[in-house]
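Asks: output the structure for:
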Amino acid sequence: GTRSGLLASRSLPLKVAAAYLMCGALWLFIAGIAINHTGIFFIEDGLFVVGSSLVVYVLVRHGVKVFHAKESALLESEDRLARILETNASGVVVFDAGGRITYSNHMACRVLGVDRAQIVGLRDDDPAWDLADADEAPMSPEKNPVARVRATGMPVHDEQLAVRHANGSRVFLAVNAAPLCDALGSMVGVVASFVDITERKKMEDLKVRKLLLAVEQSPSAIVITDLEGNEEYANLRNAMMGGCTVRQWLKGETPHPCKISAQQRGEMLAAVRSGSSWHGDFECLRKDGGAYWESTTMTPIRTAEGKVTNFLWVREDITARKQAEEELRRSEANYMAAQEKFRQLFEQNDEPVFLFRQGTCEILDANPAAVHLYGYDRQELRGQGVSLFVSPADLHGFRAAIAAICPGAALSIDSARHRRKDGAQITVSIRANLVRTDEEEVVYGSFRDVTARIRMEEAAKLHQAQLIHANRMTSLGKIVSGVAHEVNNPNNLVMFNAPMILSAWEDAVPVLDAYRRENGDFSLGGLPYSEMRDVVPRLAAGISDASGRIKAIVENLKDFARQDIPRHQTAVRINDVVRISVSILNHEILGATHHFKVENGEDLPLVMGSSQRLEQVVINLLNNALQSLSSIQQGIRVSTRQIPETGEVEVCVEDEGVGMSPGVLERIREPFFSTRLDAGGLGLGVSICRSIVEEHGGTLDFESEEGKGTRATVRLPGIANSVGNDVEDDASKISSGV
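Replies: Numbers count the residues shown, from 1 in each chain. As a prediction, the model looks like this:
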């Protein structure tokens with residue numbers, strides 16, 4: 001402390017330099033007396049002393065500064081170390097060479113429940129600590145970590161022990177201790193650090209208790225043995241499996257041994273001793289002699305260092321599983337026999353059958369009948385699937401229907417249109433269900449060809465519809481005849497009186513002209529006479545013409561409604577058929593389009609047939625054309641001509657309407673198919689027209705494109721060397737007014 005105080009003095013360098021200077025002066029004085037040292041030598045020695053004193057002053061001053069800097073750093077380091085120790089999360093205690101505590105940080109006092117004044121001076125083996133090991137057994141002095149470090153000079157790591165807290169409770173610590181040495185390496189004490197692991201210890205104990213409960217309540221039998229196979233622990237389930245108690249099992253009062261040879265048992269133990277696991281199934285006997293099957297797994301139990309110390313046996317009663325496996329083997333044998341029968345039925349079935357993968361429409365197999373029906377071999381059917389025979393328009397819906405089949409949801413389709421490899425159209429009925437094969441659940445689909453039956457049904461329906469239609473036409477004919485008769489009576493009166501009115505007017509004109517010359521123009525019927533003189537003749541002529549047209553329309557209706565004698569055919573002018581048909585539909589034509597055109601061919605041969613039934617065909621085709629128009633600006637064209645190559649007479653009805661898709665065009669000839677079912681259409685018009693045309697030896701064809709319109713063409717055989725049609729075509733008059 002004195003030295004430090006002296007060195008700390010700021011005047012020390014000056015004092016040392018002054019002392020040195022005084023010593024030098026004294027030396028000069030003694031030298032001058034002793035050796036008579038004067039003159040130039042005296043001056044040189046004086047300068048040397050002064051210079052040397054300056055050097056001493058600088059050196060001492062520098063040394064003092066360095067000392068001050070090191071002293072400050074040491075003090076700062078000691079202060080930092082003290083702060084670190086005080087704020088450390090671990091408790092830190094320093095013992096002297098005798099084992100007494102000389103220092104304790106704040107955390108150590110907090111963990112032990114004492115203050116610093118109480119803990120300093122206590123020994124490491126003080127009875128107040130009540131030292132115990134991790135299992136709370138009293139700790140012997142040689143196991144005390146501080147005493148061990150003092151005795152051996154070697155550090156101790158992660159030593160777990162228990163001490164008594166100031167409140168009387170147990171505190172579990174994890175201790176690290178190391179020797180504290182001086183500058184010469186001699187041990188002068190021990191420093192120990194520790195952390196409170198009481199809560200962790202509780203959690204570990206709880207985990208162990210839970211593990212023990214889990215083992216005790218495990219549905220599997222658990223046994224722990226030594227390396228020779230001697231039981232050290234067995235749970236309750238293990239004893240129950242053998243038909244005895246745990247005590248009996250551990251005492252060796254075990255049931256009859258398992259049916260396993262000594263050699264196999266030795267191999268089991270050897271395998272596990274080497275560090276491997278072993279598993280096996282074998283038959284055992286209970287204490288009462290009853291047999292059961294068990295599955296055993298043996299695994300080694302290792303220490304933290306990896307050394308095998310015990311064996312763990314996990315045993316399970318698999319008697320029920322073995323019985324189930326045996327039953328399954330018998331069932332599989334029966335199932336395979338059933339599968340073989342299924343395969344034979346599948347291959348030999350006369351009905352076409354497909355197998356589809358569940359949840360998809362992928363074809364897994366097809367029987368020979370299916371191959372024969374569609375004309376594709378199995379490889380083609382499996383590779384390309386249902387797209388080979390289902391139309392693109394129906395493909396998505398068909399695939400979805402097959403994929404939706406599941407347990408309790410079968411598929412039933414009474415009629416589906418498919419195509420064969422040769423392009424022929426067929427109709428099939430489909431029944432499909434989910435069945436189990438030897439590998440998986442599949443969809444079993446039966447496809448029955450009902451083309452002939454559907455055609456017969458359609459023919460029967462068409463025949464019935466024709467009978468109904470004929471009956472309706474008969475009724476309509478009677479009604480039309482009655483209406484025509486009733487209309488003719490007033491129309492005849494109009495036709496008779498209109499010429500008389502015109503004649504009377506012509507007789508009155510001279511009188512009225514004279515009156516006008518004498519009295520000037522006058523009003524007649526609300527108009528000046530000068531205008532009425534020319535208007536009245538035109539009005540009378542118009543009345544006559546209109547009544548004539550009414551008469552012509554009535555006659556056409558009567559002709560249309562008049563039933564032909566069955567199977568009686570006459571020579572018919574096709575242009576007359578068109579004219580009458582257009583005349584009957586004149587009102588509908590005027591309301592539907594502003595562009596209606598009739599182009600009749602000249603010198604057409606006659607056709608043999610029924611004019612009334614042919615009119616029915618043309619009227620039906622015209623009706624379809626009118627109904628396809630979406631605007632009055634869209635037009636209809638009706639034309640007739642002779643085909644020179646065949647001599648046939650052709651009637652074409654062309655419209656600029658909505659047209660038909662390929663799918664609709666393909667089905668247009670089917671009975672009861674209609675695009676206007678929601679508007680009351682029956683789907684019989686085209687079928688009846690086709691039937692009538694075929695009765696006359698002709699053909700009916702359609703061409704259509706969506707958004708561009710439809711062309712219907714009727715071709716009828718002409719009569720050779722017939723006279724051309726010279727009848728005046730009233731249709732041209734109608735078309736000019738449309």
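
Asks: all helices for the stretch 1-150 of the chain, in order.
Replies: In the stretch 1-150 of the chain, helices defined by DSSP state H, counting those that start in this stretch lie at 2-8, 12-34, 40-87, 106-112, 116-119, 145-152, listed in chain order.

Asks: and the ones you listed, which one is worst for confidence?
Replies: Among the helices of the stretch 1-150 of the chain, helix 2-8 carries the lowest mean pLDDT, at a mean of 48.

Asks: and stretch 294-302, how far out from the chain middle?
Replies: Its chain's C-alpha centre and that of stretch 294-302 lie 44 Å apart, by CA atoms, centre = their mean, to the nearest Å.

Asks: contacts for it, please.
Replies: Stretch 294-302 is contacted from outside by 221, 224, 241, 258, 268, 271-273, 275-284, 308-318, using CB atoms under 8 Å, 6 or more residues apart in numbering. Bear in mind the C-beta positions are built from the backbone N, C-alpha and C, glycine included.

Asks: among those, which lie within helices?
Replies: If you go by DSSP state H, the contacts of stretch 294-302 have 241, 268, 271-273 in helices.

Asks: surely D317 is in contact with W293?
Replies: Yes: counting by CB atoms under 8 Å, D317 touches W293, with 7.3 Å between them.

Asks: reformat the ones in helices among the contacts of stretch 294-302 as a markdown table; add distance to A546.
Replies: Formatted as a markdown table, those follow (distance: CB to CB, whole Å):
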| residue | distance to A546 |
| --- | --- |
| M241 | 114 |
| M268 | 120 |
| A271 | 119 |
| V272 | 120 |
| R273 | 124 |
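
Asks: between those, which is nearest L21?
Replies: Of all the ones in helices among the contacts of stretch 294-302, R273 has the smallest distance to L21: 91.6 Å, by CB to CB.

Asks: could the helices of the stretch 1-150 of the chain be laid out in JSON lines, adding distance to Q612?
Replies: Converted to JSON lines, those look like this (distance: least, CB to CB, whole Å):
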{"stretch": "helix 2-8", "distance to Q612": "145"}
{"stretch": "helix 12-34", "distance to Q612": "150"}
{"stretch": "helix 40-87", "distance to Q612": "120"}
{"stretch": "helix 106-112", "distance to Q612": "121"}
{"stretch": "helix 116-119", "distance to Q612": "131"}
{"stretch": "helix 145-152", "distance to Q612": "127"}
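
Asks: can you say which of those helices is nearest to F496?
Replies: Across these, closest to F496 is helix 40-87 (CB to CB), at 135.1 Å.

Asks: quick check: the residue nearest to Y444 when sequence neighbours are not counted vs A410, distance?
Replies: Spatially, and ignoring its direct neighbours in sequence, Y444 is nearest to V435 (4.5 Å; CB to CB, 6 or more residues apart in numbering). Distance, V435 to A410, by CB to CB, to the nearest Å: 11 Å.

Asks: could you dump stretch 128-143 to PDB, C-alpha only?
Replies: The C-alpha trace of stretch 128-143 is given here as PDB (Å, rounded to 0.1, in the frame of the first residue of the first chain):
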ATOM      1  CA  ALA A 128     -26.600 -27.500   8.200                       C
ATOM      2  CA  TRP A 129     -26.300 -28.500   4.500                       C
ATOM      3  CA  ASP A 130     -27.600 -32.000   5.200                       C
ATOM      4  CA  LEU A 131     -25.900 -33.200   2.000                       C
ATOM      5  CA  ALA A 132     -27.600 -36.100   0.100                       C
ATOM      6  CA  ASP A 133     -27.100 -37.700  -3.400                       C
ATOM      7  CA  ALA A 134     -29.600 -37.400  -6.300                       C
ATOM      8  CA  ASP A 135     -31.700 -40.200  -4.800                       C
ATOM      9  CA  GLU A 136     -31.800 -38.300  -1.400                       C
ATOM     10  CA  ALA A 137     -29.500 -40.900   0.200                       C
ATOM     11  CA  PRO A 138     -27.000 -39.400   2.800                       C
ATOM     12  CA  MET A 139     -23.800 -38.400   1.000                       C
ATOM     13  CA  SER A 140     -20.500 -39.800   2.200                       C
ATOM     14  CA  PRO A 141     -17.600 -37.300   2.700                       C
ATOM     15  CA  GLU A 142     -15.600 -38.800  -0.100                       C
ATOM     16  CA  LYS A 143     -18.500 -38.100  -2.500                       C
END
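
Asks: name the residues that touch it?
Replies: Counting by CB under 8 Å, 6+ apart, 122, 125, 144, 147-148, 151, 160-164, 170, 172, 201 sit against stretch 128-143.
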